[in-house]
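Enquirer: Here is my input, please return the structure:
(2 chains)
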Amino acid sequence: MDVQSAAMIGASIAVLTGLGAGFGIGLATAKTSEAIARQPEASGKITGSFLLGIALAEATAIYGLVVALLLIFSK
Amino acid sequence: MSEVEHAMSISEKIVEGMGIKTVFTISAFGVSIPISDTVIATWIVMAVIILAAFLLTRRMREIPKKPQLLLESFIGFMDDFAKEKIGHHGRTFLPFVGTIFIFLIAANLAPMITPAGTGLYAGGLEPPFVIKPLTRDINVTAAFAAIVIVTVFVSSIVIRGPVGYVKSLVKPSPVMLPFNILEYAIKPLSLCLRLFGNILGAYIIMLLIEAVAPAVFPPLAGLYFDLFDGLIQAVVFSFLSTIYIAEAVE
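Expert: Okay, the predicted model is just below:
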């Protein structure tokens, strides 16, 4: 196996980080809608921390994407 | 066209779309500065924002009309947000965070002017120019992240005073000192990569959809990938900047 195809396989493994991010964002969304259903008057504050949480959870997927792009395009 | 050739043309299209072209070079004082297409797009977005700001604030009235009413409610929303997060220093940082927010919204929505598949619907007429998303260039997002972290650093020193700043570095215990210093590298890195990765990822997916199914799907997918994702990322970037500033000055 040459370096190029190894890099391609590495890139596709790196994109698996999307699994964790998807799971995390799904969990956060479920808990947010639950919290808003319980206390609709606090929806502003809940949405704020939800946005912060999904931004942090999503970062892992983005790092995976960046690593994959680096593997593909750095020669 | 064979299967392999077709696949090659798609990947070539994507690589070409991702690349940042140098449009022209300015030579002055013995140095040559390459001007890329993102810089030109940034100039266009800046001009549009300045023009909009000028037109919207030209005739302010006691009893507002529709454009002024929209503007006032938008500024009021940002003002409330800054006050809630940053506290009594909110007014000091509102112009900074607000500018980043408005610029990122404009930058992320600019490619909507020339959406994917325009040529198909305009009867084969290709638009004379295509605005690609500015924030797909990592230099743009790195610049924004650098501005934010410098603001966090300077405002923390100015508002807390040098002694208070050093004290804040060893909170909650001196063991945390290396981590508190590391945050000055991690925060801008994650801000920069988040915006860049999201916009570039959405852009690559749009290029793929356009290459595979140019008929119906690009406008529909564009609603999500260009409009929704662009807005969310603008909100998230300015939200995180506000949180970082609030942490630094509290």
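
Enquirer: So which elements touch the host helix or strand of A:Leu27?
Expert: Assessed by DSSP states H and E, A:Leu27 sits inside helix A:17-38. Contact here means 3 or more Cβ pairs under 8 Å, 6 or more residues apart in numbering or on different chains; DSSP states H and E; on that basis helix A:17-38 packs against helix A:43-73. Glycine gets a C-beta too; all of them are placed from N, C-alpha and C.

Enquirer: Skip the chain neighbours and tell me the closest residue to B:Arg160.
Expert: Using Cβ to Cβ, 6 or more residues apart in numbering or on different chains and skipping the chain neighbours, the partner closest in space to B:Arg160 is B:Ser168 (6.2 Å).

Enquirer: Report the inter-axis angle for the helix or strand where A:Ala7 lies versus helix A:43-73.
Expert: In the assignment (DSSP H and E), A:Ala7 maps to helix A:3-14. With axes from the mean of the first three to the mean of the last three Cα atoms, to 10 degrees defining the directions, helix A:3-14 sits at 170 degrees from helix A:43-73.

Enquirer: For chain B, give me its nearest residue in chain A.
Expert: Across chain A, the shortest distance to chain B (Cβ to the nearest Cβ) belongs to A:Ile62, at 3.5 Å.

Enquirer: thinking that residue is in contact with B:Leu200, fair?
Expert: No: judged on Cβ atoms under 8 Å, A:Ile62 makes no contact with B:Leu200 at a distance of 9.4 Å.

Enquirer: how many neighbours does the residue nearest to B:Arg160 have?
Expert: 16 (other Cβ atoms under 10 Å in any protein chain shown).

Enquirer: Please look at it and B:Phe153 and confirm they touch.
Expert: No: using Cβ under 8 Å, B:Ser168 is not in contact with B:Phe153; the gap is 11.6 Å.

Enquirer: just to revisit the earlier point, check contacts around the residue of chain A closest to chain B.
Expert: Counting by Cβ atoms under 8 Å, 6 or more residues apart in numbering or on different chains, A:Ile62 touches B:193-194, B:197-198, B:201.

Enquirer: please redo it, this time with the cut-off set to 6 Å
Expert: By Cβ atoms under 6 Å, 6 or more residues apart in numbering or on different chains, the residues touching A:Ile62 are B:193-194, B:197.

Enquirer: ok, now B:Gly17?
Expert: So B:Gly17 contacts B:Leu207 (Cβ under 6 Å, 6+ apart).

Enquirer: low-confidence ranges in the chain?
Expert: Since you didn't name a chain, this refers to chain A. A:75 (pLDDT under 70).

Enquirer: you looked at the wrong chain, it should be chain B
Expert: Judged by pLDDT under 70, the stretches of chain B that qualify are B:1-8, B:114-129.

Enquirer: Strands along that one, start to end?
Expert: Along chain B, the stretches classed as strands by DSSP state E are B:22-28, B:31-36.

Enquirer: what's the most buried one of these?
Expert: strand B:31-36 (a mean of 11; mean count of other Cβ atoms under 10 Å in any protein chain shown).

Enquirer: Scan chain B for its longest helix.
Expert: helix B:177-212 (DSSP state H).

Enquirer: is that helix anywhere near chain A?
Expert: Yes: using Cβ under 6 Å from any Cβ of the partner chain, helix B:177-212 comes into contact with chain A via B:190, B:193-194, B:197, B:201.

Enquirer: just curious, which of those residues is nearest to chain A?
Expert: After measuring the residues of helix B:177-212 next to chain A against chain A - Cβ to the nearest Cβ - the closest member comes out as B:Gly197, at 3.5 Å.

Enquirer: Give me the distance between B:Ala52 and B:Asn139.
Expert: 25 Å (Cβ to Cβ, to the nearest Å).

Enquirer: for B:Pro218, same thing?
Expert: 27 Å.

Enquirer: Same question for A:Ser49.
Expert: 31 Å.

Enquirer: Check what contacts stretch B:26-38 and list those residues.
Expert: Against stretch B:26-38 from outside (Cβ under 6 Å, 6+ apart): B:20-25, B:134, B:137, B:140.

Enquirer: what ranges do the helices span in chain B?
Expert: Using DSSP H, helices in chain B cover B:3-18, B:37-56, B:66-86, B:90-109, B:118-121, B:138-169, B:177-212, B:217-222, B:229-249.
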